[in-house]
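Visitor: Prediction below, plus the sequence it came from.
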Amino acid sequence: MAGLTVPGKPEGSIWTDDQWKAIVTGGSNVLVAAAAGSGKTAVLVERIIRKISDDTDVDRLLVATFTKAAAAEMKERIRMALEKELERQPGSDHLKRQLALMSRA
């Protein structure tokens, strides 16, 4: 990531510098690899929510995990994050549609 300009973390951010880079780095193909318990799932969920909030449909993303259980956990975290974001933006038809699409994701 040499020469990459990374936007500053929000005030009171919970993310480490490396996590923040993984969240905000542009592009569509990203591999997040780190030790167990390091926050990979949380980072990916945050990245996905940001993409969805920028008008990407949730059923247009491909997110691979190692197990069905991990995929189910990530899907549930994304659904919960979408619900939380919809509380902040209750008039967003896009976010409402994304929640409806979660069954296809």
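Guide: Yep, that arrived.

Visitor: Counting by contacts, list what the longest helix anywhere in the chain packs against.
Guide: Ranked by residue count, the top helix of the chain under DSSP state H comes out as helix 68-88. In terms of contacts (3 or more C-beta pairs under 8 Å, 6 or more residues apart in numbering; DSSP states H and E), helix 68-88 is packed against helix 40-53, helix 93-101. C-beta: built from backbone N, CA, C; applies to glycine.

Visitor: What's the mean pLDDT across that helix?
Guide: Helix 68-88 shows a mean pLDDT of 91 in the predicted model.

Visitor: ok, now stretch 44-52?
Guide: 89.

Visitor: residues near residue 55, how many?
Guide: Using other C-beta atoms under 10 Å, residue 55 has 8 other residues around it.

Visitor: With adjacent residues omitted, what lies nearest to it?
Guide: Using C-beta to C-beta, 6 or more residues apart in numbering and skipping residues adjacent in sequence, the residue nearest residue 55 is residue 94, 6.3 Å away.

Visitor: is it true that that neighbour touches residue 56?
Guide: No. Residue 94 is beyond contact range of residue 56, at 9.6 Å (criterion: C-beta atoms under 8 Å).

Visitor: starting at the chain centroid, how far to stretch 51-66?
Guide: 8 Å (C-alpha atoms, centre = their mean, to the nearest Å).

Visitor: List the buried residues in it.
Guide: 52, 53, 58 (16 or more other C-beta atoms under 10 Å).

Visitor: ditto for stretch 65-83
Guide: Using 16+ other C-beta under 10 Å as the test for burial, stretch 65-83 gives 74, 75, 77, 78, 79, 81, 82.
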